[in-house]
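Enquirer: would you be able to build a 3D model of this:
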Amino acid sequence: MSVELVEVVRSGFRECVHRGSLIVLDPDGGVLVSLGEVHTPIYPRSSNKPMQAVALLRAGFVPRDSAELAIATASHEGEADHVEAVERVLSGAGFTEKDLRCPTDLPGNELARAEVLAAGRTPRSIYMNCSGKHAAMLAACAANGWDTDGYTDAGHPLQQLVTETILELTGDIEDTDLGIDGCGLPIVPVPLFNLARAYSRLATAETGTPERAVADAVREHPFLISGTGKDDLKLMRAVGGLLCKAGADGIHAGALPDGTSFAFKIDDGHERARLPLTAALLHRLGAGTAANAATFDSERLAVLSSAPVFGGGVRVGTVRAVPGVF
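Expert: Numbers count the residues shown, from 1 in each chain. Sure, this is the predicted structure:
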């Protein structure tokens, strides 16, 4: 059963609450906090992307730099730097945008979208927030001589490797029913407990491994994997060495450099609950662990943990973690 995790308080009154489930593990995998259904499989959506990127490296994807690897894990906003990075991955493997099998879209970033519309341009596959992952998948197929027309099919050798890799990293070896993500690719269901454990493994992996390469690329390029004003960018700038990745419908997972990890799912999928909950959780972890405290910007986290609620252009409330929830 899920629990109350985030509340919205307006003008002194509790307006509504977001319920969900949350797990926090220590560096050895021991449970620090367990709330709700943490052993029930969920679809982590884009929080699976770092693990998918590990599979792509194992399959032969050779990014020319860490930026190309970062865009392969991205839920980007279609800003100029994002589009350029995806184009680099495509051209480096001999592909063009027409080879992408993700849906067309407009940029997620408001300014980038306005510029596209003002110029009279139409939605493109490269603007879609998963286009970097799709481009890297094409590159991995080319490295193996695999068919590229059907690379999104669950039975394709690449997607089978992705599923195997996610099950390996999460330690979830049960047979699983794949879903279809918003970009058209198979999505592997994972319990929150196992998702947190996988992020710990990525964050603490040995140098030279695909796992460490992905973790380092995400930590080095938080803008490329998200975008202007996005939760992951704000959080990784506030906490040195943090690895984290948001997923659609209220999913978030991450790990600190020492392997302390977390994962949660907001039941109603509301995105506004993610940032204040994660910031409050990280603030607690930083304050409680001497080894992590020096890398935390406690002042910035305190600001992020209280998202404003406006009325008539004036702040009249806040979105925050339920007091005492962890």
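Enquirer: all helices for the stretch 201-326 of the chain, in order.
Expert: Taking DSSP state H, counting those that start in this stretch as the test, the helices found in the stretch 201-326 of the chain are 210-220, 231-238, 274-288, 290-293, 298-304.
Enquirer: got the CA coordinates for the second one in CSV?
Expert: Which is helix 231-238. This file holds the C-alpha atoms of helix 231-238, laid out as CSV (Å, rounded to 0.1, in the frame of the first residue of the first chain):
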residue,chain,number,x,y,z
ASP,A,231,14.9,18.3,-12.3
ASP,A,232,18.0,16.2,-13.0
LEU,A,233,20.0,19.2,-14.0
LYS,A,234,19.1,21.1,-10.8
LEU,A,235,19.8,18.2,-8.5
MET,A,236,23.1,17.1,-10.0
ARG,A,237,24.3,20.7,-9.8
ALA,A,238,23.3,20.8,-6.1
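Enquirer: what sits against the residue lying closest to residue 297 once chain neighbours are set aside?
Expert: Leaving aside its chain neighbours, residue 297 sits nearest to residue 238 (4.6 Å; criterion: Cβ to Cβ, 6 or more residues apart in numbering). (Each C-beta comes from the backbone N, C-alpha and C, glycine too.) If you count contacts by Cβ atoms under 8 Å, 6 or more residues apart in numbering, residue 238 has them with 279, 282, 296-297, 300-301, 304.
Enquirer: ranking the helices of the stretch 201-326 of the chain by mean pLDDT, which is last?
Expert: Averaged per stretch, pLDDT over the helices of the stretch 201-326 of the chain is lowest on helix 290-293, reaching a mean of 54.
Enquirer: what is the burial count for the residue lying closest to residue 262 once chain neighbours are set aside?
Expert: Counting by Cβ to Cβ, 6+ apart, the nearest residue to residue 262 once its immediate chain neighbours are dropped is residue 24, at 4.7 Å. Neighbour count for residue 24, taken as other Cβ atoms under 10 Å: 21.
Enquirer: and residue 24, bridged to which residues?
Expert: Bridge pairing for residue 24 (DSSP bridges) gives the partners residue 33, residue 262.
Enquirer: look up how far residue 210 lies from it.
Expert: In this structure, residue 24 and residue 210 are 26 Å apart, going by Cβ to Cβ, to the nearest Å.
Enquirer: please enumerate the helices of the stretch 51-200 of the chain.
Expert: So, for the stretch 51-200 of the chain - with DSSP H, counting those that start in this stretch - the helices run 66-71, 80-92, 110-118, 131-144, 157-170, 192-203.
Enquirer: okay, buried residues for the third one please.
Expert: So the one you mean is helix 110-118. Buried residues in helix 110-118, counted by 16 or more other Cβ atoms under 10 Å: 112-113, 116.
Enquirer: so in this protein, where's the weakest helix or strand by average pLDDT?
Expert: One helix or strand of the chain scores below all others by mean pLDDT, DSSP states H and E: helix 290-293, with a mean of 54.
Enquirer: find the nearest non-adjacent residue to residue 61, please.
Expert: In space, residue 61 is closest to residue 140, 4.2 Å off (Cβ to Cβ, 6+ apart).
Enquirer: oh, that last question was meant for residue 72, not what I typed.
Expert: Per Cβ to Cβ, 6+ apart, closest to residue 72 is residue 136, 3.6 Å.
Enquirer: these two touch, right, the one you found and residue 53?
Expert: Yes - here residue 136 reaches residue 53: they are 7.0 Å apart, a contact under Cβ atoms under 8 Å.
Enquirer: give me the number of residues near the residue nearest to residue 237 when sequence neighbours are not counted?
Expert: Nearest residue to residue 237, sequence neighbours excluded (Cβ to Cβ, 6+ apart): residue 222, at 6.6 Å. Counted with other Cβ under 10 Å, the neighbours of residue 222 add up to 20.
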